[in-house]
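Novice: Okay, predicted coordinates and the sequence, questions at the end:
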Amino acid sequence: MMWEAAKRVIEKIEQAGFEAVFVGGVVRDFIIGKPNNDVDVATSALPAEVKAIFQYTIDVGIEHGTVLVLDEGEPIEVTTYRTDGLYTDHRRPDEVTFVRTLKEDLARRDFTMNAMAMTRTGTIIDLYNGQEDIQKKVIRAVGYAEQRFQEDALRMIRAIRFSAQLGFTIEFETMSAIKTLAEQIQYVAKERVHAEFNKMWVSRFPAQGMAMLEQTTLSQYLQGSFIAEDWHNFQTTNPLVGWAYFYVLNEQEPFFSYYKCSNKEKVFAKQVAEAYSKLQEDWQVHDYFYYELDVLETAFRIAEWRRQAVAFSVHEIAARKAVLPIATIQQLAISGRDLMEWAQTKGGAWLKEALHAALLAVLTKQVENNKEQLKEWFHDIYKG
Ligand code: ATP
Ligand code: MG
């Protein structure tokens, strides 16, 4: 679908007298035979020229030459051929320069396998032997590796991320350059590192990725634990789980702000860390009540990854949650108001405590979850 939409976009750009091709990751994955729905189109047309060809476009990154074309049903990213110029601040290019030839555009790309293009009719444009490197399963910098990593140090982590995804090795010169320039990674914006780690967590070989960060000494300029033993068994399809595990291995501040984690990542990781530490004793009924299933399952997996014995299986977690008398606090048959009425006093610290005690009594099936029984229970405990 995406391909078809992109083909029509390319055709229209060509009809307007410009060049347009598939480029980057989608060409790489096509050659590898791996599905990729992230289709990028590169063109000789300037952004304003692209916008003139189509009726519905969004400027998603017009300063970088990217226009999102919506005309064909699927959003297609169309980026003007460009070069990136210098990266004096180690973060992003000082300026991008639009160019008119594909050759110049391909030269700015990071690895040979990522520097290929393909025409609408399937002709591969491969100026740096990307196909040969894919066949050899190697990741090789385009041009002089040291220069390319000096331009943008993030490429060092990208090399490792691709290696973790594809199971490819990093070519010798490229690897040497990473080892030489590793310390430069400290200057790279952590949002960009975050995006690469997101892909590393869900890759096929995350442990190898983490081991390579360690071997190259990149790890020394990043926060966190990259010890091979910690990552040996780790595997997930959810990046949130990766951040939670990474946090559990460190549990030091300022982890979340350092890696520019979202609030969602932070809340999940903190809950997992808490549930994981409680698992060392074994979870109580209120833990099953309090934590979401994905939090409990992640904490359980972490214990497995760290080779800690747990006396039950991960499948039992959902079952244990399912048999709880109530699933949410709203389902408790009484409220704070009932308790105040029965006690004939105002609220205060006691109220919170009493509500919690009532919840526990219901969860542990000491009392049935109905008003009369809870009232009796309350009078027994608090003696009117
Ligand atoms: P994925 O499938 O994981 O998205 P990708 O190859 O599409 O992989 P992107 O980060 O989406 O990776 O980048 C798209 C393309 O842009 C790359 O294939 C590469 O040609 C180029 N590129 C991206 N980031 C850089 C960079 N930091 N330096 C040089 N080229 C880059
Ligand atoms: Mg991509």
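Specialist: It's in. Ligands and ions are numbered 1, 2, ... in the order given.
Novice: With ligand 2 in mind, check whether stretch 163-175 reaches it.
Specialist: No. No part of stretch 163-175 sits near ligand 2 under the criterion CB under 5 Å from the ion; the closest distance found is 11.4 Å. In this view, the C-beta of every residue, glycine as well, is placed from N, C-alpha and C.
Novice: And that stretch, end to end?
Specialist: Using CA to CA, to the nearest Å, the end-to-end distance of stretch 163-175 comes to 11 Å.
Novice: cool, stretch 307-319 as well?
Specialist: Start-to-end span of stretch 307-319 (CA to CA) is 23 Å.
Novice: Count the residues that sit near Ser277.
Specialist: Taking other CB atoms under 10 Å as the criterion, the count of residues near Ser277 is 12.
Novice: So in terms of bridging, what pairs with Glu77?
Specialist: The bridge-partner assignment for Glu77, based on DSSP bridges, gives Asp40, Leu68.
Novice: so who does it touch?
Specialist: Each residue near Glu77 by CB atoms under 8 Å, 6 or more residues apart in numbering is listed here: Val39, Asp40, Val41, Val60, Thr66, Val67, Leu68, Val69.
Novice: Check these for burial and list the buried ones.
Specialist: Val39, Asp40, Val41, Thr66, Val67, Leu68, Val69 (16 or more other CB atoms under 10 Å).
Novice: What is the nearest of those to ligand 1?
Specialist: Nearest to ligand 1 among the buried ones among the contacts of Glu77, counting by CB to the nearest ligand atom, is Asp40 at 6.0 Å.
Novice: tell me the pLDDT at that closest one?
Specialist: In this prediction, Asp40 carries a pLDDT score of 96.
Novice: With respect to Gln220, which of the buried ones among the contacts of Glu77 is nearest?
Specialist: Minimum distance to Gln220 across those is 33.6 Å, recorded for Asp40 (CB to CB).
Novice: And that closest one, how close does it get to Asp133?
Specialist: Taking CB to CB, to the nearest Å as the measure, Asp40 and Asp133 are separated by 20 Å.
Novice: Could you dump the contacts of Glu77 into JSON lines and include distance to ligand 1?
Specialist: Converted to JSON lines, those look like this (distance: CB to the nearest ligand atom, whole Å):
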{"residue": "Val39", "distance to ligand 1": "9"}
{"residue": "Asp40", "distance to ligand 1": "6"}
{"residue": "Val41", "distance to ligand 1": "12"}
{"residue": "Val60", "distance to ligand 1": "13"}
{"residue": "Thr66", "distance to ligand 1": "11"}
{"residue": "Val67", "distance to ligand 1": "16"}
{"residue": "Leu68", "distance to ligand 1": "14"}
{"residue": "Val69", "distance to ligand 1": "17"}
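Novice: Farthest-apart pair in the buried ones among the contacts of Glu77, please.
Specialist: Among these, the pair separated by the greatest distance (CB to CB) is Val39 and Val67, at 14.1 Å.
Novice: ok, so of the contacts of Glu77, who is nearest Gln271?
Specialist: Each of the contacts of Glu77 was scored against Gln271 by CB to CB, and Val60 proved nearest at 33.7 Å.
Novice: The closest one and Val67 touch, don't they?
Specialist: Yes. Counting by CB atoms under 8 Å, Val67 is a contact partner of Val60 at 7.1 Å.
Novice: my guess is Ala358 contacts Ser335, does it?
Specialist: No. Using CB under 8 Å, Ala358 and Ser335 do not qualify as a contacting pair, with a distance of 9.9 Å.
Novice: Just list whatever residues bridge to Phe98.
Specialist: Per DSSP bridges, residues listed as beta-bridge partners of Phe98: Arg82.
Novice: per-residue confidence for it?
Specialist: Among the per-residue scores, Phe98 shows a pLDDT of 95.
Novice: How about Lys260?
Specialist: The predicted structure lists Lys260 with a pLDDT of 97.
Novice: That one and Gly25, how far apart?
Specialist: Here Lys260 is placed at a distance of 23 Å from Gly25 (CB to CB).
Novice: These two: which is more packed in?
Specialist: Ranked by neighbour count (other CB under 10 Å), Lys260 and Gly25 place Gly25 first, with 17 against 14.
Novice: Any buried residues in the longest helix seen in the chain, and which?
Specialist: As assigned by DSSP state H, the longest helix anywhere in the chain is helix 263-279. Buried residues in helix 263-279, defined by neighbour count with 16+ other CB under 10 Å: 265-266, 268-276, 278-279.
Novice: of the residues you listed, closest to ligand 2?
Specialist: Within those, the smallest distance to ligand 2 is 21.0 Å, found for Glu265 (CB to the ion).
Novice: didn't the closest one look like it was pressed against Phe256?
Specialist: Yes. Because the distance of 7.1 Å satisfies CB under 8 Å, Glu265 is recorded as touching Phe256.
Novice: for the residue of the chain found nearest ligand 1, what are its contacts?
Specialist: Residue of the chain nearest ligand 1, by CB to the nearest ligand atom: Gly25 (2.4 Å). Shown in contact with Gly25 (CB under 8 Å, 6+ apart): Asn36, Asp38, Asp40, Asn114.
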